[in-house]
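A.B. asks: my questions concern the predicted model and sequence given below.
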Amino acid sequence: MLYQLAHILRDDFPWLWNGVDTVNGWLFTLRYGNKSEEIVRRWKEDIPYQILPLRDCPTEAVVAFFSHQPEDAFRFFRPHGFDRRSIERLKKNKAFLAYLLKDGDTIIGYFFLRSFFWGKCFRGRMVDIEWRGKGIGTMMNRVMNSIGFGLGMHIFETVSKNNIASYKSAIAASKCKIIKEMENNDLYIEVLRQSSASTKKEQK
């Protein structure tokens with residue numbers, strides 16, 4: 001219900017969506033503060049890539065990253081606009097926890113948790129076309145799980161059964177529960193928290 005309402009607001013009432021986004025950002029900050037940044041700092045020590053918050057990355061570089069991706073990369077990935085204005089708006093949204101994954105000066109991945117102050121969030125990610133097949137998507141999923149569960153939130157995602165790579169990545173990184181099968185072969189799933197022992201075993 002929340003997922004469907006969010007899409008209706010975003011697509012049909014963008015002015016209302018922007019207002020709801022602003023209020024949600026304020027309330028999210030009051031409840032969670034900057035706890036997510038501490039979780040990300042711990043992950044930086046465990047992976048060979050740099051994790052950079054969206055707000056700290058030049059907008060032009062982010063737009064260039066999306067422009068570099070082939071058209072088919074956006075067939076199943078349409079969480080927001082990819083132009084300069086849209087990216088600038090996302091940077092100001094405190095509840096939109098978005099990060100770039102970099103190898104040196106090259107952006108190789110993008111991931112986010114669109115979060116709500118009452119404790120739910122939706123995760124999404126994109127791997128650069130030249131870095132696919134290296135386990136980057138699965139790794140970003142694990143970082144998102146660490147952030148979401150570290151904040152005490154419930155994590156959800158929609159993934160198409162037609163998007164084999166994304167579907168396998170979602171399953172590989174997480175224990176998932178299918179909430180509902182939606183139109184166009186989309187699955188609305190909840191990511192389930194795993195025990196610390198299970199997580200450590202999985203990462204080895």
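C.D. replies: That came in fine, so what should we check first?
A.B. asks: buried ones in the top strand by length along the chain?
C.D. replies: The residue-count maximum for a strand in the chain (DSSP state E) belongs to strand 106-116. Of the residues in strand 106-116, 107, 108, 109, 110, 111, 112, 113, 114, 115, 116 count as buried by neighbour count, 16 or more other Cβ atoms under 10 Å. C-beta: built from backbone N, CA, C; applies to glycine.
A.B. asks: what's the most distant pair in those residues?
C.D. replies: 108 and 116 (28.3 Å; Cβ to Cβ).
A.B. asks: need the buried residues of strand 106-116 in CSV (columns: pLDDT).
C.D. replies: Below are these laid out as CSV (pLDDT from 0 to 100):
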residue, pLDDT
107, 98
108, 98
109, 98
110, 98
111, 97
112, 97
113, 97
114, 95
115, 95
116, 94
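A.B. asks: now residue 177: closest residue in space that isn't a chain neighbour?
C.D. replies: Leaving aside its sequence neighbours, residue 177 sits nearest to residue 190 (Cβ to Cβ, 6 or more residues apart in numbering; 4.8 Å).
A.B. asks: equivalent analysis for residue 192, please.
C.D. replies: The shortest distance from residue 192 to any non-neighbouring residue, by Cβ to Cβ, 6+ apart, is to residue 175 (4.5 Å).
A.B. asks: right, and the one you found touches residue 189 too?
C.D. replies: No. Using Cβ atoms under 8 Å, residue 175 is not in contact with residue 189; the gap is 10.2 Å.
A.B. asks: which stretches of the protein form strands?
C.D. replies: Per DSSP E, the chain has strands spanning 50-53, 96-103, 106-116, 120-127, 154-160, 175-181, 186-192. These are given in chain order.
A.B. asks: beta partners for the residue lying closest to residue 101 once chain neighbours are set aside?
C.D. replies: Distance criterion Cβ to Cβ, 6+ apart; nearest residue to residue 101, sequence neighbours excluded, is residue 109 at 3.7 Å. Judged by DSSP bridges, the bridge partners of residue 109 are residue 101, residue 127.
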